[in-house]
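Novice: Task: produce atomic coordinates for the following.
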Amino acid sequence: MPIVVYVQPDGTREEIDVPVGYSVMEGATMNGIAGIEAECGGACSCATCHAHVDPAWLPKLPPMDGLEDAMLDSANERNQTSRLTCQISMTDELDGLTVTVVPPY
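Specialist: Residues are numbered from 1 along each chain as shown. Now for the predicted structure:
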């Protein structure tokens, strides 16, 4: 099972097994990762699962669509590596994916 490394703003790291086909957000919510609120449950309509993806992993992710881009416009601390974790489905190729949690408020 692939692993996602969730990094908290203070640098604390948690490595979590996330099944293939589940989103990075689902992995976070199933395992109580602080800061991934996921208020909309993964419908890409709230931006409370926002995280910064380690730049080395960005080329391995599917491209961001227009809806995700628009939702990120309302996100706290958006930057070049921002993604909504509900939009990243785990694959074996993403084993070791590292994301830094962004406080939603």
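Novice: could you list every residue that touches the nearest residue to Asn31 once chain neighbours are set aside?
Specialist: Closest residue to Asn31 apart from its sequence neighbours, by Cβ to Cβ, 6 or more residues apart in numbering: Ile16 at 4.9 Å. The C-beta positions use only the backbone N, C-alpha and C, and glycine is treated the same way. Ile16 sits next to 3-6, 27-28, 31, 33 when contact means Cβ atoms under 8 Å, 6 or more residues apart in numbering.
Novice: so what strands line up beside the helix or strand where Ile16 lies?
Specialist: Assigned by DSSP states H and E, Ile16 belongs to strand 13-17. Strand pairing for strand 13-17, using DSSP bridges, gives strand 3-7 (antiparallel).
Novice: quick one: buried residues of the partner strand?
Specialist: Residues 4, 6-7 are the ones in strand 3-7 that count as buried (16 or more other Cβ atoms under 10 Å).
Novice: What segments of the protein are helices?
Specialist: Assigned by DSSP state H, the helices in the chain fall at 24-30, 66-72.
Novice: what residues are up against Val101?
Specialist: Neighbouring residues of Val101 by Cβ under 8 Å, 6+ apart: 6-9, 28, 33-36, 51.
Novice: so what's it closest to, chain neighbours aside?
Specialist: Once flanking residues are discounted, Val101 sits nearest to Gly35: 3.7 Å by Cβ to Cβ, 6+ apart.
Novice: Assess the claim that that neighbour and Val99 are in contact.
Specialist: No - counting by Cβ atoms under 8 Å, Gly35 does not reach Val99; the two are 10.4 Å apart.
Novice: If you count surrounding residues, which of the two has more?
Specialist: Val99 (26 against 17; other Cβ atoms under 10 Å).
Novice: Hmm, that one is touching Pro55, no?
Specialist: No - look at Val99 against Pro55 with Cβ under 8 Å: they stay out of range, at 11.3 Å.
Novice: which residues in the protein form strands?
Specialist: 3-7, 13-17, 50-53, 82-84, 97-101 (DSSP state E).
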